[in-house]
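> Next come a sequence and a model predicted from it.
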Amino acid sequence: MASISLSEPLQPGRLILGLNYLRRNKALAVGLLMVLLLTAFTVIGMLTIDPKNAYPLSVEPKQPPGAKYLLGTDFFGRDLLSEMVVGMWQTALIGVLAGALGTLIGIVLGFMSAYFGGVLDAAIKGLCQILTPIPVFLIQVVIAGSLDKRDVTIYTMAFIVLLLAWMWPTLVIRSQVLTMKERQFVSVAKLSGVGSLGIIFGEIMPNLLPFIAAAFVGQVFSAVFASFYLAVLGLGPLREPLLGNIIWAAQGQGAFFNGWWWWPIWPATAMVLVLGSLALVNMGLDELSNPRVRRTE
Amino acid sequence: MPPVPAKGIGMTDLLNLRSVTKVYSRGLLSRTSTVALNDVSLTLKENEPTILTVAGESGSGKTTLAMLLLGFIAPSSGQILYKGRDISRLKGEERMTFRREVQAVFQDPFAVFNPFYTVDHLLSVPIRRFRLAKSRGDTRDRMVEALTAVGLHPDDILGRFPHQLSGGQRQRINVARALVLKPRLLVADEPVSMVDASLRASILETLRALQQDHGVSILYITHDLTTAYHISRSIIVLYRGSVMEAGDTDTVITNPQHPYTRLLIDSIPWPDINRRWGQTEIKAQESESSDHAPGCKFYSRCPFAMDKCRETPPLFRVSEHQAASCYLHERNPRISSERLSELLP
Amino acid sequence: MAEMPVLEVSDLRVSYYTDAGRATALDGVHLALNAGEKLGLVGESGSGKSTMALAMMRMIKPPGRIESGRVIVNGTDLTALSEEAMRKARLSKIAYIPQGAMNSLNPVTRVGAQLVDAIVAHEPSAPRKEIEERCRRALESVDLKRGVFEMYAHELSGGMKQRVCIAIDILLKPRVIIADEPTSALDVVTQRQVMETISRVQKQIGAAVILIGHDMGLMAQFVDKVAVMYAGRLVELCGVREMFTRPLHPYASALIRSLPSFSNKGVFHGIPGLAPSLLRLPGGCSFHPRCPHAMDVCRTAHPKLETLPDGRQVACHLYPQKA
């Protein structure tokens, strides 16, 4: 059969399309930029400062921000800059740990539940639905409060946070997979001899990547936020310079009344920036994974 | 033309549907049930590749039939045999063979592509799964061969994403996929209805070439009798899950015997100024009448409805290659539905 | 006949600004329609026919934009109207039956309420009883029972829903009705019913109809004139009889030749090649890469839409007319 070759020139590369998209999706662009900057601060910080300075009795206490101590020091003799860096690092650790684990559980349970259906689905869905209405904050406080102070580490914090966070990604991924598995390209894959695992990992999962990314960011957000408020209440690993801890300590010493305004200000600002950037990225990813938007490529 | 071996004993049919019925029941009380397909039998012979049209509107059961043949759903009663074996009992190696030999081309050219991958994925996956190629290079060769055979330039196609190609191109890639697998039976479910009218011709021609040059039997499912007329030799007309008329395509379309077929033919918008819509009156169907009323399914819309029609009419053989299930033809000999395939040329 | 055309489109240009660049969807389209006329707008996907409809209704949303041109209905230039005035003009001057219109019916309100809403939006002070009566009569005119007024959309079949949409569109007796592939989701028998309904109501209210689609068969059954679009431009406009017996533009004649018919069973004539990407139109005549009659001038100069002595219009260098 004769046919004329009219090769449509390949569209501009993926990178350019991506950048063009970021121009339109301002939330994602700004959020990513902020995350990038915060990460840079933390990484460069960890490489340059002396982490020992983030712990008590290391430097001159109660110094305002100046040339020697860029962000000042606190009542206990901790360099605020070091505290910020180490605190951010630990916050990131908790966030990513709890976030990644939560998302992973969500993927595994969500996929299995949606794809295989039947009793398994009913069980997982039922469990999620029973656990969801439990007031998370309350339980976290109770658990954290009843632990021996010495047992509370960053990792136990991550665990406490994870305990009641995994249900949401499970349910949300499950519903996405439920719709995806009815799509015709899944039927075609079956006709092409692809088995269940091949369909889950090869066909469905790649399409859910923006979605999974959004769930991950959401999880990190919840984890970071939870670690923050638990620490502010004094339920965190008190020795560590977690951002919430710094504020709790500052409050305990009456920082504002004593004129040490810099002590709580830096962690509070940092927390706002961290949570804000995560929220923006989440909003942006939300738009990305919305199929109506994807078409305008 | 592939050589046709002499008919001998032990020749199994390619496909055998025996009184297949599919009922969907809704709700726990299963009071509302829909009969999607009612006692349909047909046979496709192994060494006589043919194109059989299953014609009907939505709700006729044609999609259900496709899903049954592909093994995606199981019949409520009756049997589906592929090369003599019940497809619901196939396991392991045999099931893989069935999968490979029975393929489909679907209606929506876009939906069959996984938007995450380039279009190569649609072709490379089956090649890999069915081990049709020995190396990467071999895989690519086969893809190129199939794409060229459907009139596409591989350089324009490979490496692109589905949204970068036109509907016509996408559907041709679909057909190319069928070519790569060289199935024995191809279920084509409305393959051209979502393609621009000007491109339909070439896709249909490819399907016909598949049958003539590669010995593939095609089950062409459609509601568009114009295309059916051009491509198939035999036809079965379904309405609400039951066979209304069956036989040789030419005869059925030029000389329809069942009132429903007549209505269908009359409503076709022929691209011909001199053939405007006919005078057959359409009785407007006000609402979905109950499926449970016994008798001929077409009763409520039929201009010739008689009391007798409240009892399901059997198939009456009107000529050697045509039969209609309508009491208007009761003077003709009956033919049981299992022997439907005798009507088809 | 020096009749004032009820619809006049001049030099309509529409572009879409995508991430990959600017796509020219409509490139200077001229069109005129008299009252009571039925025009078929034919073309492949991407030819611009749906964009035409949306542009005439001023329903183009970003990233699309009407760059220039005028759409004059009964003397009023729709492109010059304010948002509010345009909103009033929709349904009362120009109505639109979209593809899959049945999905645009509100599933949670009764059909009657939606009909009433359409009238109330334009005539807020009309008495309730009179509005209801008009709605019921509209339902009758599309061959539905008056009782459908009380029903919900999900209780109706696809064809019935589509006819409800037609009823809504004729309530305010618009001068122009644009039907964009109104039957593509419907079966052949229902399709015939719906088309016959459109035909009947059009005669009743004396409106002009533009039927958009790519099914030449429907055109043969329904329209008086056919306009063929390709890559955002109008390439031929003539009576339906002439289109089927003697199409002039090479694309139009290829289209006609590719149609299956009784007389040439089993013979297929496709159109080789592909429609061009709207992001990168070929120079000169957009059809020249696929045209069997392409000449040198076709590669460089864009043919204008000329009117032939017999009233037909064609944009092709094969038929040059003296300016």
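Everything's here; your move.

> going forward, measure contacts and count neighbours with C-alpha atoms only.
OK.

> Let's verify the nearest residue to B:Tyr327 once chain neighbours are set aside: helix, strand, or coil?
Once flanking residues are discounted, B:Tyr327 sits nearest to B:Pro313: 6.2 Å by Cα to Cα, 6 or more residues apart in numbering or on different chains. What DSSP: H, G, I helix; E, B strand; the rest coil gives for B:Pro313 is coil.

> Now do the contacts for B:Pro313.
B:Gly295, B:Cys296, B:Ser325, B:Cys326, B:Tyr327 (Cα atoms under 8 Å, 6 or more residues apart in numbering or on different chains).

> And it, how far from B:Leu263?
18 Å (Cα to Cα, to the nearest Å).

> now C:Ser104
29 Å.

> and the two? which has more neighbours close in?
Higher neighbour count among C:Ser104 and B:Leu263: B:Leu263, with 20 against 13, using other Cα atoms under 10 Å in any protein chain shown.

> Which residue ranges make up the domains of chain B?
B:12-26+B:41-221, B:233-271+B:293-345 (automatic domain parsing).

> does C:Gln99 really touch C:Thr183, like I thought?
Yes. Between C:Gln99 and C:Thr183 there is a contact at 7.2 Å, judged by Cα atoms under 8 Å.

> Which residue of those two possesses the greater neighbour count?
Legend: neighbour count by other Cα under 10 Å for C:Gln99 and C:Thr183, higher for C:Thr183 (25 against 19).

> just the helices in the chain please.
Using chain A here. Ranges of helices in chain A, per DSSP state H, are A:14-24, A:26-48, A:80-116, A:118-131, A:136-146, A:154-163, A:167-180, A:184-191, A:196-197, A:209-232, A:243-252, A:262-289, A:291-294.

> My question was about chain B, not that one.
Secondary structure of chain B, counting by DSSP H: helices at B:62-69, B:92-101, B:120-129, B:136-149, B:154-157, B:167-181, B:197-214, B:225-231, B:249-254, B:259-267.

> I'd like these as CSV, with distance to C:Val176 and mean pLDDT appended.
Below are the helices of chain B laid out as CSV (distance: least, Cα to Cα, whole Å; pLDDT from 0 to 100):
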stretch, distance to C:Val176, mean pLDDT
helix B:62-69, 38, 91
helix B:92-101, 53, 89
helix B:120-129, 45, 92
helix B:136-149, 45, 90
helix B:154-157, 42, 86
helix B:167-181, 31, 88
helix B:197-214, 26, 83
helix B:225-231, 32, 85
helix B:249-254, 38, 90
helix B:259-267, 26, 87
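
> which of those helices is buried the deepest?
Most buried of these by mean neighbour count (mean count of other Cα atoms under 10 Å in any protein chain shown) is helix B:167-181; its value is a mean of 24.

> Just the C-alphas of it, formatted as CSV.
Extracted in CSV, the C-alpha atoms of helix B:167-181 (Å, rounded to 0.1, in the frame of the first residue of the first chain):
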residue,chain,number,x,y,z
GLY,B,167,-6.7,8.5,15.2
GLY,B,168,-6.2,6.8,11.9
GLN,B,169,-2.6,6.1,12.6
ARG,B,170,-3.4,4.8,16.0
GLN,B,171,-6.0,2.4,14.7
ARG,B,172,-3.6,1.1,12.1
ILE,B,173,-1.1,0.4,14.7
ASN,B,174,-3.8,-1.6,16.5
VAL,B,175,-4.2,-3.7,13.4
ALA,B,176,-0.5,-4.0,13.0
ARG,B,177,-0.4,-5.5,16.5
ALA,B,178,-2.8,-8.1,15.3
LEU,B,179,-0.6,-8.7,12.3
VAL,B,180,2.5,-9.2,14.5
LEU,B,181,0.7,-11.9,16.4
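
> and whatever residue of the stretch 1-150 of chain B ends up closest to chain C, what are its phi and psi?
Taking Cα to the nearest Cα as the measure, the point where the stretch 1-150 of chain B comes nearest chain C is B:Glu57, at 5.7 Å. Here is the backbone geometry of B:Glu57 (degrees, to the nearest 10): phi -90, psi -170.

> Quick one: low-confidence residue ranges for the stretch 201-345 of chain B.
Counting by pLDDT under 70, the stretch 201-345 of chain B contains low-confidence ranges at B:275, B:278-292.

> got the residues of it near chain C?
Residues of the stretch 201-345 of chain B lying close to chain C (Cα under 8 Å from any Cα of the partner chain) are B:201-202, B:205, B:223-224, B:226-227, B:229-231, B:263-264, B:267-273, B:276-277, B:282, B:286-288.

> please redo it, this time with the cut-off set to 7 Å
By the criterion of Cα under 7 Å from any Cα of the partner chain, the positions of the stretch 201-345 of chain B lying close to chain C are B:201-202, B:205, B:226, B:230-231, B:264, B:267-273, B:276-277, B:287.

> Make CSV out of the contacts of B:Pro313 and add neighbour count.
Formatted as CSV, the contacts of B:Pro313 follow (neighbours: other Cα atoms under 10 Å in any protein chain shown):
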residue, neighbour count
B:Gly295, 15
B:Cys296, 23
B:Ser325, 26
B:Cys326, 23
B:Tyr327, 21
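
> check contacts around C:Lys39.
Heads up, residue C:39 is Leu, not Lys. Listed by Cα atoms under 7 Å, 6 or more residues apart in numbering or on different chains, the contact partners of C:Leu39 are C:Val209, C:Ile210, C:Leu211, C:Val223, C:Asp224, C:Lys225, C:Val226.

> ok, now how distant is the fifth one from C:Val240?
Relative to C:Val240, C:Asp224 is positioned 5 Å away (Cα to Cα).

> and C:Pro107, which of the three is it?
coil.

> now do C:Gly284
Three-state call for C:Gly284 (three-state DSSP): coil.

> Return the residues in contact with it.
Applying Cα under 7 Å, 6+ apart, the residues contacting C:Gly284 are C:Cys298, C:Arg299, C:Thr300, C:Ala301, C:His302.

> from these, which is closest to chain A?
C:Arg299 (15.0 Å).

> Just give the number of residues close to that closest one.
So C:Arg299, with other Cα under 10 Å, has 16 neighbours.

> you'd agree it is up against C:Gly283?
Yes. Proximity of C:Arg299 to C:Gly283 meets the contact threshold set by Cα atoms under 7 Å, at 6.0 Å.

> Now for residue 21, how many residues are close by?
All of this refers to chain A. A:Tyr21 has 18 neighbours, counted by other Cα under 10 Å.

> my question was about chain C
14.
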